[in-house]
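> sequence first, predicted model second:
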Amino acid sequence: MRIRRSVARFFAALVIPAISAAAVAYFGYYTIWGTRGLMALSTTQARLAVRQEQLASLKSRHDKLQHRIKLLEPGSVDPDLVEELARSELLEGAPGQVAVPRNSR
């Protein structure tokens, strides 16, 4: 009876540390190897760098287009841009047509 009680106390004393160790092991595993753990951090950072380059490219293209739009606003139309747009539209023509630009002297 005495041995059974001491064994029961021994296992009762180990229950809380065992549950705590299991919880630490579980969360520790997912901290390192989980889908958002430390091992996935490098791939996420690489994807972030690629997306930041794409964003910078899109921003520069947006700024260029915004500048062209400002040049075509009423009251401040840039004649060179109008000529460029007209030439690009007129020289495309219809399928099968050939347009030859003339040199103006």
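Perfect, thanks for sending it.
> can you tell me the average pLDDT over the host helix or strand of Lys59?
Taking DSSP states H and E as the criterion, the element that holds Lys59 is helix 38-71. Throughout helix 38-71, pLDDT has a mean value of 94.
> same thing with stretch 12-28?
Stretch 12-28 shows an average pLDDT of 92 in the prediction.
> packing partners of the helix holding Lys59?
The helices and strands touching helix 38-71, judged by 3 or more CB pairs under 8 Å, 6 or more residues apart in numbering; DSSP states H and E, are helix 2-33. The C-beta positions use only the backbone N, C-alpha and C, and glycine is treated the same way.
> now do the helix it packs on against helix 38-71, angle only.
Going by axes from the mean of the first three to the mean of the last three CA atoms, to 10 degrees, helix 2-33 is angled at 30 degrees with respect to helix 38-71.
> could you check how far Ala86 is from Phe27?
67 Å (CB to CB, to the nearest Å).
> and Val82, by the same measure?
When distance is defined by CB to CB, Val82 is 65 Å away from Phe27.
> which SS state does Pro95 fall under?
Using DSSP: H, G, I helix; E, B strand; the rest coil as the criterion, the local structure at Pro95 reads coil.
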